[in-house]
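1. have a look at this fold, sequence not included:
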């Protein structure tokens, strides 16, 4: 969705300016009039920016084509970069996620600072960054602790950090809270409280959700690649369908979006989801969770793929099997069960996902800015590209924990090893009893006799 | 701290109005001028309100004494009510927490709606409430599931709700998110996004933290009563010390607070913490966690108190033991270990706790309102009374999980029972092996031979 929001830049701008004229003045009263006029100047917009070398190459082209050209090149570059990062493995992906997250946060906070213009309080910006560091410490710590538990417990210092992780994080947060209260200056009260809220909402959107992305990566690269590429596919296909067949407007907020694009994009995404899932399921590199291997002393991505990634025979529903028989096919098919799970993901990414884009789009209209930043020529800011990805990541995580993940004996064993020896023994006796009661385990006496 | 903020109402008001004159006009530009003037009229303030019957009783008193009288009576009434609720047990406490939470949320949201005046969008208020219900469903569900796991798993319908709890909650949230985006109306963009942020920050402050209060209650009433009464004690004693010895101003934000009150309140709270902890430790009713008893088919608060609540002999440090010997005491004392843990709690409640009050106080000054509401005559809104309690609840929870709680064999056993039988057997074998390897469990052969 985000993809098609940017095309036809020129028309878009015309619409924007026409709309601005109609905007009720009540909104403006809430903002310093100087701010609302200047905001688009203070926030760097990247949609029309192009590197010098490209500018020279496109000298003769009309403006509209220039933009398409720049945008196209940087789309390809980004997909290429995405491929390289995936090739680099989970650590590279984690670092990339962190960088993207920090950049998104910076863009959102930048807008907040421009809106509320707190030039008189330069260190207020540090406070926002302090909260970013604190919450990242908390969330990254939580996810790393889960996966590196065995490795971490070897080092006394790391063990201290993990045992008291929540306490340390909370103390850090309290430090920021006290700092905020002490920094309150009479004539800036409203601005400061607004920015405090702004920072916390940004943390919820960016840090919390990128923590979930990291968690998805650890469950296997497929839980990251499939949803991310679904959003990209939906963005592009919705644009293509809208371009060729678009007639019925979809939502007032984004006048260029059409029902035809929405439905066409959705159907394409479902088909694309089936295809990419089927392909990725074949490679252990994509389906194996990232785990710490105690024997090798490093992270591994090797495993015997679970039932989710094993070809399974499915009966075709009777009304279809008749048709299949006509063409000489058997009435059963072989599928990876994951391919079926890709259906809810693709439906979410094409039905609810776009609302992340609408939300960002409404936000930009509210503050009359064109883009979140100017990092990616032809596209705008990082946040312009990732607006739909965050909500999707949360959905994937919730879906995974609700329908896929179950406590594994190995994970529980880790927890048991944290108990005191006498507690472990107690647990052993309890487990033995319940297993014997249910005849899962034969009573020892039987074996001896 | 919140306590002393309200005394000397008359002086306070004079200070407030004097301050208002100095306020830089830049703040006002962000608010509709009509709003900032009228806000104190639209938000009901309760500090000067008294029930008719009391008004009649106090007819002859000067205004200042009237307020003290009303305030004192309602302080006693509240402490009395608090006692009754504790007597009513954990369920009564949970329901009271829920009511307090809803009321606090309503007060914060009310202010938001008054600030941004969205009379044109009446159903936007429903959206805030929808998010409140959704997040409560999520958080209350999470805590109830933990504690009622065994009971819940008996009923198929409840089992469905718990298994897919996160998924259901997230779907509900997404519904609200989509509703918000669809509700965006052009001339209200900024107001709507501001209220969206406002609602989410209110949820973070009120719902998240009251969820932690519930969790504390389940760990044993003592984890609720001690911190709550510490905050109350600190409020009152800081006022008393400030009143008699106060000279040195503490913080610009609240000109009536003094270092003498801050330190005196702190020392009193530490002493009070020791006393109340020592008393409560004697009763299983206060120290036992609330657990589902499978035998009795109901919640119980009976247990053999753990080591934390068992009198333990402590060696007195050598420099003190000399003094003790002089007076004929032995050089060891008997204490409940919990009494020692009360020290960090009382220090937090008297050093960081007040910042919750400063924060609320700054917030009220920002929007030029006197109180959050008018529910408690002489005190103002519920939020005016509970501003410091929320941060404290989070601290108690973090402290408990970091320093007190360890996975218990029984909790892990619950998790194990969720595994499939063959996984339980695998876990059993793994546990047996590791126990035998470390000679915690004697190999079976030895016993047989």
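-> Here it is on my side, so go on. This structure is a prediction, so every number in the text was calculated from the model and none was measured.

2. isn't residue A:415 up against residue B:414?
-> No - in this structure residue A:415 lies outside contact range of residue B:414 using C-beta atoms under 8 Å: 11.9 Å. C-beta: built from backbone N, CA, C; applies to glycine.

3. which stretches of the stretch 301-449 of chain A form helices?
-> Ranges of helices in the stretch 301-449 of chain A, per DSSP state H, counting those that start in this stretch, are A:318-326, A:337-351, A:353-366, A:382-399, A:409-416, A:421-437, A:444-448.

4. same list (those helices) but as CSV, adding mean neighbour count, mean pLDDT and distance to chain B.
-> Converted to CSV, the helices of the stretch 301-449 of chain A look like this (neighbours: other C-beta atoms under 10 Å in any protein chain shown; pLDDT from 0 to 100; distance: least, C-beta to the nearest C-beta, whole Å):
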stretch, mean neighbour count, mean pLDDT, distance to chain B
helix A:318-326, 11, 75, 28
helix A:337-351, 21, 94, 9
helix A:353-366, 24, 88, 4
helix A:382-399, 24, 88, 4
helix A:409-416, 17, 77, 4
helix A:421-437, 16, 84, 4
helix A:444-448, 10, 45, 6
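
5. report the longest helix in chain A, please.
-> As assigned by DSSP state H, the longest helix anywhere in chain A is helix A:124-152.

6. by contact count, what packs against it?
-> Counting contacts by 3 or more C-beta pairs under 8 Å, 6 or more residues apart in numbering or on different chains; DSSP states H and E, helix A:124-152 packs against helix A:90-116, helix A:156-163, helix A:165-183, helix A:189-202, helix A:209-218, strand A:291-293.

7. one more time with 6 Å
-> For helix A:124-152, the elements it packs on are helix A:156-163, helix A:165-183, helix A:209-218, strand A:291-293, judged by 3 or more C-beta pairs under 6 Å, 6 or more residues apart in numbering or on different chains; DSSP states H and E.

8. so which of the ones you listed is nearest chain B?
-> helix A:165-183 (3.9 Å; C-beta to the nearest C-beta).

9. phi and psi next, for the residue nearest to residue A:90 when sequence neighbours are not counted.
-> What sits nearest to residue A:90 in space, not counting adjacent residues and going by C-beta to C-beta, 6 or more residues apart in numbering or on different chains, is residue A:290, at 4.9 Å. Per-residue torsions, residue A:290: phi -90, psi 120 (degrees, to the nearest 10).

10. just residue A:302 next, same as before
-> Residue A:302 has phi and psi values of phi -110, psi 140 when expressed as degrees, to the nearest 10.

11. state the number of residues packed around residue A:334.
-> 8 (other C-beta atoms under 10 Å in any protein chain shown).

12. quick one, phi psi at the closest residue to it other than its chain neighbours?
-> Computed as C-beta to C-beta, 6+ apart, the closest residue to residue A:334 that is not its neighbour in sequence is residue A:311, at 4.7 Å. Per-residue torsions, residue A:311: phi -60, psi 130 (degrees, to the nearest 10).

13. chain B contacts on the stretch 151-300 of chain A?
-> Counting by C-beta under 6 Å from any C-beta of the partner chain, the stretch 151-300 of chain A comes close to chain B at A:164, A:166-167, A:170, A:174, A:178, A:181, A:184, A:187, A:189-190, A:193, A:197, A:200-201, A:253.

14. give me the PyMOL select line for the residues you listed, limited to the buried ones.
-> To isolate the buried ones among these in PyMOL, judged by 16 or more other C-beta atoms under 10 Å in any protein chain shown, type:
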select buried, chain A and resi 164+166+170+174+178+181+184+189+190+193+197+200+201+253
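
15. low-confidence ranges, the stretch 201-350 of chain A, go.
-> The model of the stretch 201-350 of chain A has pLDDT under 70 over residues A:293-294, A:297.

16. how about the contacts made by the residue in it that chain B sits nearest to?
-> The nearest approach of the stretch 201-350 of chain A to chain B comes at residue A:201, 4.6 Å away (C-beta to the nearest C-beta). By C-beta atoms under 6 Å, 6 or more residues apart in numbering or on different chains, the contact set of residue A:201 is B:197, B:200.

17. pull up the gap between it and residue B:241, please.
-> Note on residue A:201: its distance to residue B:241, by C-beta to C-beta, to the nearest Å, is 39 Å.

18. about what we covered before: what's the separation between the residue nearest to residue A:334 and residue A:339?
-> According to C-beta to C-beta, residue A:311 stands 10 Å off from residue A:339.

19. give me the distance between residue A:202 and residue B:124.
-> 22 Å.

20. now do stretch A:331-347: everything it contacts.
-> Applying C-beta under 6 Å, 6+ apart, the external contacts of stretch A:331-347 come out as A:227, A:230, A:269-270, A:273-274, A:277-278, A:281, A:308-309, A:311-316, A:321, A:324.

21. just the buried residues of these.
-> The buried subset of the contacts of stretch A:331-347 (16+ other C-beta under 10 Å) comprises A:227, A:230, A:269-270, A:273-274, A:277, A:281, A:308-309, A:316.

22. residues in contact with residue A:245?
-> The neighbourhood of residue A:245, defined by C-beta under 6 Å, 6+ apart, consists of residue A:260.

23. go ahead and confirm residue A:431 touches residue B:428.
-> Yes - Residue A:431 lies in contact with residue B:428 (C-beta atoms under 6 Å); the separation is 5.3 Å.

24. any idea how far the residue of the stretch 201-350 of chain A closest to chain B lies from residue B:116?
-> With distances taken as C-beta to C-beta, residue A:201 is found 15 Å from residue B:116.

25. kindly report the same for residue A:284.
-> Noted for residue A:284: a distance of 54 Å to residue B:116, by C-beta to C-beta.

26. again, but for residue A:139
-> Between residue A:139 and residue B:116 the computed distance is 31 Å (C-beta to C-beta).

27. could you list the low-confidence segments of the stretch 1-150 of chain A?
-> Where the stretch 1-150 of chain A drops to pLDDT under 70, the residues are A:1-50, A:64, A:118-122, A:146-150.

28. how many neighbours does residue A:402 have?
-> Neighbours around residue A:402, by other C-beta under 10 Å: 16.

29. just the pLDDT for the residue lying closest to it once chain neighbours are set aside.
-> With sequence-adjacent residues excluded and distances taken as C-beta to C-beta, 6+ apart, residue A:402 is closest to residue B:167, at 3.9 Å. If you check residue B:167, the pLDDT there is 92.

30. I figured residue B:167 hits residue A:400, correct?
-> No - if you go by C-beta under 6 Å, residue B:167 and residue A:400 don't touch, sitting 10.1 Å apart.

31. show the contacting residues for residue A:413.
-> Contacts for residue A:413 (C-beta under 6 Å, 6+ apart) come out as residue B:430.

32. show me the buried ones among the contacts of stretch A:331-347 that map onto helices.
-> With helices taken from DSSP H, the overlap with the buried ones among the contacts of stretch A:331-347 comprises A:227, A:230, A:269-270, A:273-274, A:277.
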